[in-house]
Each structure stands twice: as C-alpha cells, then as structure tokens.
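>>> I need the structure of the sequence given here:
(one chain, ligands or ions: 2)
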Amino acid sequence: MSDFNPRRVILFAAAITSSWTALLVIDCLPTQAFAQYSKKTIVAHRGASEYAPEHTLEAYRLAIEQGADYVEQDLQITKDGVLVCLHDLTLERTTNIEEVFPGRYRKVSHAGVSEKHWFVYNFTLEELKRLDAGSWFHKRFSGVRIPTWQEAIQEIRGKAGLFPEIKTPEIYGLHGFDMERLVMEELQRHGLDQPGADPETPVVIQSFSVDSLQKMAVDMKVILPLVMLLGERNRQWVSPAGFQKVKEFAAGIGLEKSILRGNPVIVEWARNAGLSITPYTFRSSRVGKGFWNVRAEMAYYLYTLDVDALMTNNPDQFPDP
Ligand code: G3P
Ligand code: CA
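Ligands and ions are numbered 1, 2, ... in the order given. Modelled structure (predicted):
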C-alpha cells in the first residue's frame, strides 16, 4: 500500500473489530468525508442579484425568501479596516461615488489609457455609508447602503449559510491588511469559525487566491470548508493532478461553468480527488447557449453533469430533480 487511504484503514478496522459502528462509518464515507454539501445546494450569487442590487441587505433578504441555502458575500476592506460586502475593488459601478466624492479618484493607466477609479481602500466606513448603492440598479432601491460584513452576518444568520469570498487579498496586503485574519476574527466574534458551530448557518470560504487558501488551511489551521475558485485565469489547475493538489488545502472547487460544459469529465476528476464542485454563475439575464432558460440550464448541470451546488443570481429558478 503506497498511499494513505482512509477508506482502506476503516475497512481494516471493521474487519478486526466486527464493529457495527465502524461499518456505519464506511457507509457514510463518500458523502460525509469528502463534501460539505448533503443535497443539491443553492448559493445565491451576490444575493438574489437579478432582482435587487447586488450585495445589499435587500438582495440577501430576497435570496433567503427564495430558498437560498447559502448567501454569497464578496469582501473588500475600507481604509479603516472594516470588511464590507462589494464585488469590485472600486466603487463607481455600483454606487454614486462620483457625485459624492468627485475629486477622490486615483488615476490608473490601463492598456495605455488613463482611467479614474475610486478604490474602496481609500474610503472610511463612515464615508462609504454616505453612498447610494441601490439607484444604479433601480430607483425603487434608492438610498440603500453598502453593508458591512458584520451587518450581513447578522441579517443572514439562522436563515441561511454564509459563502464569503476573499477578494484580491494580495492587493489588501499591500495596504497593510491581513484579510484572512480579519475574516476569521469576524467569524470568531460570531462563534462561526468551526464547522457545525451553528447548524442553521454553515460557512464556506472561497477564493481565487491559492496563497490565501493555503495560508488559511496550513498556517491558520482553519477547518471550515475552503473552496478554490477556478476560471480562465487559473485554468492550469483544472486537471486530475491539479485537483489532487487542490485537495491538500481545499474541500471543493468553484468552477466557471463554460469550462465544465466543454469538458464534463471534470466532475469525475473532482469526485476522484474528493472535492465538491460548484459551478458559477447562472443568471436569467445571460443564459448559456442552447438552453431555453436559466432553470433548464441549472437542471442540466445539477442532474445531468451531477454537480453538488450552483451559484446563481436567481435562487427562485433553482430546479427540483
Ligand atoms: O465566487 C464565485 C464567483 O462569484 C466568482 O466570480 O467575479 O462574481 O466573484 P465573481
Ligand atoms: Ca464571488
């Protein structure tokens, strides 16, 4: 026996003890030991973000009403070190920052063109709370605010799980922030830093950053499930050997759906490595080619390709088996 194989060890234990308990453990192993999901799972991407402005408490509440198992938060950090829920590193797409702080931009050269950007890390929480994060989406959401992660946790806790994404930790590191520690400290304050701490509020942490995931798994000994996000930018990890490496520090992968569609054997690679698989992102405003609607598209991934969970802007369209 060259490799350590937990299944073989348990089989051996059962043989020598004839214990019913050990046999029960064997029965549970494939789902209990290798996946954080016990059923096909809905992760509400930025909340119910097809119907309400992304990353607002309104979008999170609606996601819960629509039956989301988890609500996703993309995390950023303010100048004064507070975790807030926002997808972009900058504020101009989803707030009225240009009106409220017209001179507070930074010029960034992008492909030879100078652009103005308002970065989250240049504004305090008090300043961010002056911004309208709803009008860009629809005037009926005028005046809604960017939530802190603490506010999001308080809103969601007891009603759904949390699915935070550690966004660009390397950039926040350059500004003196230890993003992974801020995230874990917030979870500790809420008593949510251990698996099963609150069965109504499971927590899964995701990131595109390998360094970040390895730091949490190895240095910080985080035992919450970690999900490595994979897309075109880091596609080199999508292989049987790559997944075996991912398994050393993560419990699952979150995969850009187009990569999976062209290569459904990836589900088998993930299963063989003991990783859960959660493709993203399913939205009614951009349905994949060849599907009638987002419900049909999600059904294909869930029940034909047999993924474990999906990230969707439309929790209400999640299909039954
Ligand atoms: O977290 C998975 C998916 O949300 C990654 O894409 O850009 O929407 O955060 P993005
Ligand atoms: Ca995300």
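
>>> Hmm, residue 59 and residue 47 touching each other?
Yes - counting by CB atoms under 8 Å, residue 47 does reach residue 59; the two are 2.7 Å apart. C-beta: built from backbone N, CA, C; applies to glycine.

>>> Tell me which of the two has more neighbours.
The neighbour count for residue 47 versus residue 59, taken as other CB atoms under 10 Å, is higher for residue 47 (30 against 27).

>>> Quick one: residues contacting the more buried one.
Going by CB atoms under 8 Å, 6 or more residues apart in numbering, residue 47 touches 54, 55, 56, 58, 59, 60, 62, 63, 71, 72.

>>> What remains of the residues you listed if I keep only buried residues?
The neighbour count (16 or more other CB atoms under 10 Å) marks 54, 55, 56, 58, 59, 60, 62, 63, 71, 72 as buried among these.

>>> Those: which ones sit near ligand 1?
The subset of those lying close to ligand 1, counting by CB under 6 Å from any ligand atom, is empty.

>>> Farthest pair within those?
Greatest spacing in the buried ones among the contacts of residue 47, by CB to CB: 58 and 72 (14.9 Å).

>>> Could you give the number of residues near the spatially closest residue to residue 223 that is not a sequence neighbour?
Leaving aside its sequence neighbours, residue 223 sits nearest to residue 195 (CB to CB, 6 or more residues apart in numbering; 6.2 Å). Summarising burial for residue 195: neighbours were counted as other CB under 10 Å, giving 14.

>>> Also residue 315?
28.

>>> ok, it - contacts?
Residues in contact with residue 315, defined by CB under 8 Å, 6+ apart, are 42, 44, 48, 63, 66, 67, 68.

>>> re the thing from before, dump the buried ones among the contacts of residue 47 into a markdown table; add secondary structure as well.
Formatted as a markdown table, the buried ones among the contacts of residue 47 follow (DSSP: H, G, I helix; E, B strand; the rest coil):
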| residue | secondary structure |
| --- | --- |
| 54 | coil |
| 55 | coil |
| 56 | coil |
| 58 | helix |
| 59 | helix |
| 60 | helix |
| 62 | helix |
| 63 | helix |
| 71 | strand |
| 72 | strand |
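
>>> Quick one: low-confidence residue ranges for this structure.
Of all residues in the chain, those with pLDDT under 70 make up the ranges 1-35.

>>> Might you name the residue of this structure sitting closest to ligand 1?
Of the residues in the chain, the one nearest ligand 1 is residue 280, at a distance of 4.2 Å by CB to the nearest ligand atom.

>>> Neighbours of the residue in the stretch 1-150 of the chain positioned nearest to ligand 2, how many?
Among the residues of the stretch 1-150 of the chain, residue 74 lies closest to ligand 2, at 4.6 Å counting by CB to the ion. For residue 74, the count of nearby residues is 21 (other CB under 10 Å).
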